[in-house]
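# This is the structure alone, sequence omitted:
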């Protein structure tokens with residue numbers, strides 16, 4: 001069972017993002033405030049949870065959370081400001097989407113640049129330690145995966161319905177054959193030999 005909070009008697013929002021390592025599509029973040037007494041043994045780092053269980057937990061988290069929010073940074077923003085700053089931007093938007101203002105933020109990872117006047121702690125591998133961060137990772141991954149599966153219908157041939165934008169063999173074969181789509185991140189190295197490839 002993950003920890004329910006870093007410090008009792010305050011409103012903490014867990015924040016996490018997904019999609020930083022993808023070659024295309026937005027980076028998506030979520031922020032979640034769980035009730036102080038809430039406990040669910042199935043909530044964990046989204047990468048360790050099967051897809052069907054993530055879907056069930058997404059509904060459960062949305063139903064039980066005090067508040068939850070989703071934020072995106074689009075491909076153009078990623079290319080303009082780099083993936084790290086775009087991840088911060090997506091987190092800011094997820095925090096802004098919360099219907100309840102948190103008193104403290106728990107950020108997954110080792111860095112954060114806040115534009116909010118809300119104190120925060122960065123927690124390395126926090127999605128495997130604190131329930132609110134894990135809940136945020138589940139919401140963000142479910143949202144982004146569903147988005148990429150939907151976008152795969154508009155841009156077939158890259159295998160997004162399965163790889164959701166990560167650099168798999170099928171994805172890179174699609175880039176070689178079809179070239180880069182409008183949703184590919186131009187600032188990323190899309191192919192190992194990209195310097196010699198006209199995309």
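Done, it's in. Owing to the predicted nature of the structure, the values given are computational and were not obtained by experimental measurement.

# contacts and neighbour counts: CA atoms only from here.
Noted.

# mind listing what's buried in stretch 139-150?
Across stretch 139-150, burial judged by 16 or more other CA atoms under 10 Å covers 139-145, 147-149.

# no, scratch that, I was asking about stretch 149-157
Those would be 149, 151-152, 155, 157, for stretch 149-157 by 16+ other CA under 10 Å.

# same deal with stretch 154-172?
For stretch 154-172, by 16+ other CA under 10 Å, it's 155, 157-161, 163-168, 170-172.

# And for stretch 92-103?
Residues of stretch 92-103 classed as buried: 92-98, 100, 102 (neighbour count, 16+ other CA under 10 Å).

# so which of those residues comes closest to residue 54?
Nearest to residue 54 out of the buried residues of stretch 92-103 is residue 94 (CA to CA; 19.2 Å).

# quick one, what contacts the closest one?
Taking CA atoms under 8 Å, 6 or more residues apart in numbering as the criterion, residue 94 is in contact with 29-31, 69-72.

# now, the most widely separated pair of those residues?
Greatest spacing in the contacts of residue 94, by CA to CA: 31 and 72 (11.7 Å).

# more neighbours, the two?
residue 31 (36 against 25; other CA atoms under 10 Å).

# Starting from residue 62, give me the distance back to the more buried one.
11 Å (CA to CA, to the nearest Å).

# for residue 82, same thing?
30 Å.

# Please enumerate the strands of the protein.
For the chain, the strands defined by DSSP state E cover 12-18, 27-33, 67-73, 104-108, 120-123.

# low pLDDT regions in the chain?
For the chain, the stretches flagged by pLDDT under 70 are 194-199.

# which one's the longest helix in it?
Longest helix of the chain, by residue count under DSSP state H: helix 131-154.

# ok, back up a step: out of the strands of the chain, which one sits most buried?
A comparison of these by mean neighbour count, using mean count of other CA atoms under 10 Å, puts strand 27-33 on top with a mean of 31.

# list the helices and strands it packs on?
strand 12-18, strand 67-73, helix 83-96, helix 131-154 (3 or more CA pairs under 8 Å, 6 or more residues apart in numbering; DSSP states H and E).

# Can you add distance to residue 109 and give those back as TSV?
Below are the helices and strands packed on strand 27-33 laid out as TSV (distance: least, CA to CA, whole Å):
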stretch	distance to residue 109
strand 12-18	8
strand 67-73	17
helix 83-96	11
helix 131-154	10
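
# looking at the ones you listed, which is closest to residue 191?
Nearest to residue 191 among those is helix 83-96 (17.6 Å), distances taken as CA to CA.

# Just want the angle from the closest one to strand 12-18.
140 degrees (axes from the mean of the first three to the mean of the last three CA atoms, to 10 degrees).

# ok so, going back, go through the helices and strands packed on strand 27-33 and name the closest to residue 38.
helix 131-154 (9.2 Å).

# tell me which strands and helices the closest one is in contact with?
strand 12-18, strand 27-33, helix 51-64, strand 104-108, helix 160-163.
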